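>>> need the 3D shape of this:
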Amino acid sequence: MKKKVILVSLVLAVGLVATYRLVNNAPAETLSPNDKMLQLLTDGGCINCHSSNPSLPFYSSLPVAGSLVKEDIEKGYRSFDVEAMVKSLQSDGKVGEVDLAKVEKVIKDGTMPLAKYYLVHWGSSMTEKKSAIALDWIKSHRTAMYPNLLASEEFSNESVRPVHESVPVDLRKVILGDMLFHDTRLSVDNTVSCATCHGLNTGGVDNKRFSEGVDGKVGGVNAPTVFNAHYNFVQFWDGRAATLAAQAGGPPLNPIEMGHTSFDDICKVLSEDKAFEKAFTEVYPEGLTQETITDAIQEFERTLITPNSKFDKYLKGDKSVLTAEEINGYELFKKYDCATCHVGENLGGQSYELMGLKKDYFADRGTEITTEDHGRNKETKTERDMHRFKVPGLRNIALTAPYFHDGTKATLEEAVQAMAQYEVGVTLSDEDLSDMVKFLNTLTGEYKGKLLVNDNMK
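As a prediction, the model looks like this:
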C-alpha cells in the first residue's frame, strides 16, 4: 500500500511538472521582439490587474477569494496602468520610460506576478527564460528610444541619464525671453515677474510653501523649480500645460499670481516701450502677442539646464567623485523603487503618480483637502487621477525646499522618509536615510559653468 502511495505521488508530481512546463513555454522565436514582450504581459496576467477594465477570474465571485482578488486588482491599477504600454507594443511605438522602469524592477525583484496569482494561473509564472527575454527587450528598447550617449558603458542602460551641456536654441529669442522672464510688467501692478517665484539665484524657486502674487495674495500650491523643466513631459503639478510656452501663459492671467485679465493688456503695456518693441519685432515680425511672448520665455527656459553635477560625472565614469555613502544612497534609491518614477535626465517629470500608494497621505496630514490636492483629477475629473501628480524632477533638490505639492516637508530628510513610507511602505533606518539624502545632494548641477547655489541658504 505504501509503495502504491509513493508511486501515485511520483506520477502526480511528474504530471504537475510536465503541465507547468507546458503552460509556461516562452514566446516562440518566430515572433517579433515586441510581440514576444506583448505575449509575456498577456501570459503574465498584467492586463488582468493593471488596467481600467480588468478581466475577473471565475473565483472573484467567491466570498473570501473574491475580496482578495478585487483588493489586488485595485492596488495593481493604482500603482501601474499597463494599457499604454500594451498599445505601444501593438503599434510598434515608443514605450514610456517609467513603464519600462516599473516592469524591469518587478521582474528583477521577482515580485510580479503575485504568487497567489500564478498558483492559480500557472501560465503566468515568470520562468528564467521569460525573464531573460523581457529584460533583454527592455534593455534594447531603452537603448533605441532613450539613448544614453553621455554615460559610461556601465551606466548606459540606467533609467536615469546625465544632463546635456546645452540644447539647440535660437539665441535671439533666448535674449528676449530672459528679459521677459525678469519683467515685472507681466503683472498688473508691476510687482511680480516670473523670477519672483522662480529665482535663478535661489534654485529656480522662492523657498516658500506657497508663493505671493499681486496685492500680497498667496497661492495654494508649491512652486516647482524652473531649472530643467525643459525635460518634463508636461508642466505644473496637475499637468495642465503641455509645453513650457503654455505654462508661461498661465501666471500672467492668474488673478492670484500676476493679475492681468488678458494678454492684450500685457502687449499694450510692453508696446509702450518702443525700444523693446523694436527689438522684439526684429525677431518676431508678427509683433507682440500671447504666442510670441510665451514662445520667447519658453526658448529662454530651455536654456535653464544644470549639467555636470557630481552624479552626472559619476554616470560618465568618474567613480572617485562620489563617496561610499553617496554611492550606497544611489543603490538604495534604486532598491526602494525611486528610480522607477524618477527617471530620465531630470530624474522625474515623466509620469503622474499617486501621492499615497501604500498609505493615505492626506488622511495622515490631517488638514482639509484643497482643490490643489486633487492633482491631475483637476483636469481629467477621473477617479483614478485623484491625488495623482506629475512626478517632480530631483535635480538640484537640495536647494528647493520646502517639498511636495503642498510644501509640507521642510527638509530633505523629512521628504525622503515620507516618500518611503507613503510610496514604498517602509520606514528607512537612520543610516539608509542619511545615505539617500547624501546621494540627493550630489544632484546639484552647474548653471553657466558654475555650481548652482541658493542665496537664501548662504
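
>>> which stretches in the stretch 301-450 of the chain count as helices?
With helices called from DSSP state H, counting those that start in this stretch, the stretch 301-450 of the chain shows them at 310-315, 324-335, 338-341, 361-365, 377-380, 412-419, 430-441.

>>> repeat for the stretch 1-150 of the chain
Counting by DSSP H, counting those that start in this stretch, residue ranges of the helices within the stretch 1-150 of the chain are 2-23, 33-43, 46-49, 63-79, 83-90, 97-109, 115-118, 128-145.

>>> which of those comes out lowest on mean pLDDT?
Least confidently modelled of these is helix 2-23, at a mean of 47 by mean pLDDT.

>>> and the lowest mean pLDDT element among the helices and strands of this structure?
Of all helical and strand segments in the chain, the minimum by mean pLDDT, DSSP states H and E falls on helix 2-23, at a mean of 47.

>>> just to revisit the earlier point, of the helices of the stretch 301-450 of the chain, which is nearest Phe227?
In terms of C-beta to C-beta, the element of those nearest to Phe227 is helix 310-315, at 13.9 Å. (Glycine included, C-beta is placed from N, CA and C.)

>>> dump the closest one to PDB, restricted to CA.
Output for helix 310-315, consisting of C-alpha atoms alone and laid out as PDB, is shown next (Å, rounded to 0.1, in the frame of the first residue of the first chain):
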ATOM      1  CA  LYS A 310      28.700  65.100  -9.100                       C
ATOM      2  CA  PHE A 311      26.200  62.400 -10.000                       C
ATOM      3  CA  ASP A 312      26.500  63.200 -13.700                       C
ATOM      4  CA  LYS A 313      30.300  62.900 -13.500                       C
ATOM      5  CA  TYR A 314      29.800  59.500 -11.800                       C
ATOM      6  CA  LEU A 315      27.500  58.300 -14.500                       C
END
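
>>> other residues contacting that helix?
If you take C-beta atoms under 8 Å, 6 or more residues apart in numbering as the criterion, helix 310-315 is touched by 150-152, 155, 158, 160-163, 321-322, 326-327, 330, 439, 442-445.

>>> 7 Å instead?
Applying C-beta atoms under 7 Å, 6 or more residues apart in numbering, the contact partners of helix 310-315 are 151-152, 155, 162-163, 321-322, 442-443, 445.

>>> ok, so of those residues, who is nearest Lys105?
Proximity of those to Lys105 was ranked by C-beta to C-beta; the top entry is Phe155 with 16.6 Å.

>>> so what's the closest one up against?
By C-beta under 7 Å, 6+ apart, the contact list for Phe155 reads Leu315.

>>> quick one, phi/psi of it?
In this entry, Phe155 is assigned phi and psi values of phi -110, psi 10 (degrees, to the nearest 10).

>>> and it, how far from Leu347?
In this view, Phe155 and Leu347 are 14 Å apart by C-beta to C-beta, to the nearest Å.

>>> do Thr196 as well
In this view, Thr196 and Leu347 are 26 Å apart by C-beta to C-beta.

>>> neighbour count winner among these two?
Between Thr196 and Leu347, Leu347 has the larger neighbour count (other C-beta atoms under 10 Å), namely 27 against 20.

>>> can you report how many residues lie near the nearest residue to that one once chain neighbours are set aside?
With sequence-adjacent residues excluded and distances taken as C-beta to C-beta, 6 or more residues apart in numbering, Leu347 is closest to Leu394, at 4.0 Å. Residues lying near Leu394 (other C-beta under 10 Å) number 21.

>>> repeat that for Asn441.
Residues contacting Asn441 under the criterion other C-beta under 10 Å number 18.

>>> how about low-confidence regions in the protein?
Counting by pLDDT under 70, the low-confidence segments of the chain come to 1-24, 55-69, 113-124.

>>> the same query, at a cut-off of 90, please.
Of all residues in the chain, those with pLDDT under 90 make up the ranges 1-27, 41-78, 110-128, 458.

>>> could you verify that Val221 is part of a strand?
No - secondary structure of Val221 (DSSP: H, G, I helix; E, B strand; the rest coil): coil, not part of a strand.

>>> just the terminal-to-terminal distance for stretch 405-415.
Using C-alpha to C-alpha, to the nearest Å, the gap from the first to the last residue of stretch 405-415 comes to 11 Å.

>>> which residues touch that stretch?
Applying C-beta under 7 Å, 6+ apart, the set of residues contacting stretch 405-415 from outside is 209-210, 221-222, 237, 365, 372-373, 389, 397-398, 401-404, 418, 433, 437, 440.

>>> hmm, try it at 8 Å
Contact with stretch 405-415 is made by 208-210, 221-222, 237, 355, 365, 372-373, 375, 389, 397-398, 401-404, 418, 433, 437, 440-441, as judged by C-beta under 8 Å, 6+ apart.

>>> same check, this time on stretch 251-265
Surrounding stretch 251-265, the residues in contact under the criterion C-beta under 8 Å, 6+ apart are 186-189, 192, 194, 197, 211, 213-215, 217-219, 249-250, 266, 289-290, 293.

>>> same thing with stretch 175-194?
With contacts defined as C-beta under 8 Å, 6+ apart, stretch 175-194 is touched by 195-196, 212-215, 226, 248, 251-252, 257-261, 265-266, 269-270, 276, 279-280, 283-284, 293, 296-301.

>>> from Asp81, how far out is the residue nearest to Leu347?
In this view, Leu394 and Asp81 are 23 Å apart by C-beta to C-beta.

>>> now do Gln421
When C-beta to C-beta is the yardstick, Gln421 and Asp81 sit 23 Å from each other.

>>> now Thr143
Using C-beta to C-beta, Thr143 is found at 25 Å from Asp81.

>>> over to Ala363?
When C-beta to C-beta is applied, the distance between Ala363 and Asp81 equals 24 Å.

>>> repeat that for Asp109.
According to C-beta to C-beta, Asp109 and Asp81 sit 20 Å apart.

>>> what number of residues lie near the closest residue in space to Glu165 that isn't next to it in sequence?
What sits nearest to Glu165 in space, not counting adjacent residues and going by C-beta to C-beta, 6+ apart, is Pro307, at 5.2 Å. Neighbouring residues of Pro307 were enumerated by other C-beta under 10 Å; the total is 19.

>>> report the contact partners of Pro307.
Neighbour list for Pro307: 162-165, 445-446 [criterion: C-beta under 8 Å, 6+ apart].

>>> of those, buried ones?
When these are checked for burial by 16 or more other C-beta atoms under 10 Å, the buried set is 162-163, 445-446.

>>> for Lys381, state which of the residues you listed is nearest.
Ranking those by separation from Lys381, with C-beta to C-beta as the measure, puts Val163 on top at 35.3 Å.

>>> in a markdown table, list the helices of the stretch 301-450 of the chain along with distance to Lys87.
Rendered in a markdown table, the data for these read as follows (distance: least, C-beta to C-beta, whole Å):
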| stretch | distance to Lys87 |
| --- | --- |
| helix 310-315 | 31 |
| helix 324-335 | 28 |
| helix 338-341 | 20 |
| helix 361-365 | 30 |
| helix 377-380 | 18 |
| helix 412-419 | 30 |
| helix 430-441 | 34 |
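
>>> out of these, which gets nearest to Val86?
That would be, of the helices of the stretch 301-450 of the chain and by C-beta to C-beta, helix 338-341, which comes in at 18.2 Å.

>>> all good on my end, thank you.
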